[in-house]
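Peer 1: quick one, fold the following:
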Amino acid sequence: MNQTYFRHYLDRQKRAYDAIPIDKVEHLIDLIKKCWEQDRQLFAFGNGGSASNVSHFITDLGKSASDKMGRRFRCLSLNENVSWITALGNDYAYEDVYLRQLQNYARPGDLVLTLSVSGNSPNVVKAVQWANDNGLTTIALVGGKGGRLADIAHESIIIQDEHYGRVEDAQMTICHMLCYGFIES
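Peer 2: Numbering: from 1, shown residues only. This is a model prediction of the structure:
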């Protein structure tokens, strides 16, 4: 590694940031605000680095954005409960770990936000399809290939890069924009 590599990396990261469609981010804020106004539940989930971003997003929305709004966001990360996730994966299938949690919690009109670099994670795709079939609104933040999630989610933002690190950084930037849209408004 040398400085040329790092400069190139940062140049690519800046291009990914510059390609974030601001109008779509604004629309997602409107959907989250509608969810809050109607006292609906927001569920979020992802795998690996995307799961970490989901945890961070739900913390910011549930704490700081809720503090600012004066009423709490009803939001839940589905990648936190390790004992439930491992039980579902062991007793049913790993593809069901998010779907089966939604079956317990979700109601028509609720909102699902999912993050995936590939857009093709079977457990995420299966849960989003179930959510679509059961009256929830679905949102996907995905990498440049889009994958199946970009096709089936009601709303999607495709981050114009396929590098896992850059896409995950851009996901987190969008998640921060969604939260700070409430915190600093």
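Peer 1: switch to C-alpha atoms for all contacts and neighbour counts from now on
Peer 2: Noted.
Peer 1: list the contacts of residue 127.
Peer 2: The contact partners of residue 127, taken as CA atoms under 8 Å, 6 or more residues apart in numbering, are 96, 98, 99, 102.
Peer 1: could you redo the last one with a cut-off of 7 Å?
Peer 2: 98, 99 (CA atoms under 7 Å, 6 or more residues apart in numbering).
Peer 1: before we move on, what about residue 106?
Peer 2: By CA under 7 Å, 6+ apart, residue 106 lies in contact with nothing.
Peer 1: how near is it to residue 132?
Peer 2: 11 Å (CA to CA, to the nearest Å).
Peer 1: and residue 114, helix, strand or coil?
Peer 2: With DSSP: H, G, I helix; E, B strand; the rest coil as the basis, the three-state label of residue 114 is strand.
Peer 1: I'd like the numbering to begin with 24 instead of 1 from here.
Peer 2: All right, first residue 24 from here; so that's residue 137.
Peer 1: show me the beta-bridge partners of it.
Peer 2: Using DSSP bridges, the bridge partners assigned to residue 137 are residue 68, residue 163.
Peer 1: neighbours around it, how many?
Peer 2: Using other CA atoms under 10 Å, residue 137 has 26 neighbouring residues.
Peer 1: do residue 159 as well
Peer 2: 21.
Peer 1: isn't it right up against residue 126?
Peer 2: No: in this structure residue 159 lies outside contact range of residue 126 using CA atoms under 7 Å: 11.6 Å.
Peer 1: tell me which element residue 153 is part of?
Peer 2: Using DSSP states H and E, residue 153 sits within helix 145-156.
Peer 1: how about that helix as PDB, C-alpha atoms only?
Peer 2: Extracted as PDB, the C-alpha positions of helix 145-156 are listed here (Å, rounded to 0.1, in the frame of the first residue of the first chain):
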ATOM      1  CA  PRO A 145     -31.200 -14.700   0.600                       C
ATOM      2  CA  ASN A 146     -32.300 -14.000   4.200                       C
ATOM      3  CA  VAL A 147     -32.800 -10.300   3.400                       C
ATOM      4  CA  VAL A 148     -34.500 -10.900   0.000                       C
ATOM      5  CA  LYS A 149     -36.900 -13.400   1.600                       C
ATOM      6  CA  ALA A 150     -37.800 -11.000   4.400                       C
ATOM      7  CA  VAL A 151     -38.400  -8.100   2.000                       C
ATOM      8  CA  GLN A 152     -40.600 -10.300  -0.200                       C
ATOM      9  CA  TRP A 153     -42.700 -11.300   2.900                       C
ATOM     10  CA  ALA A 154     -43.000  -7.700   3.900                       C
ATOM     11  CA  ASN A 155     -44.200  -6.700   0.400                       C
ATOM     12  CA  ASP A 156     -46.700  -9.500   0.500                       C
END
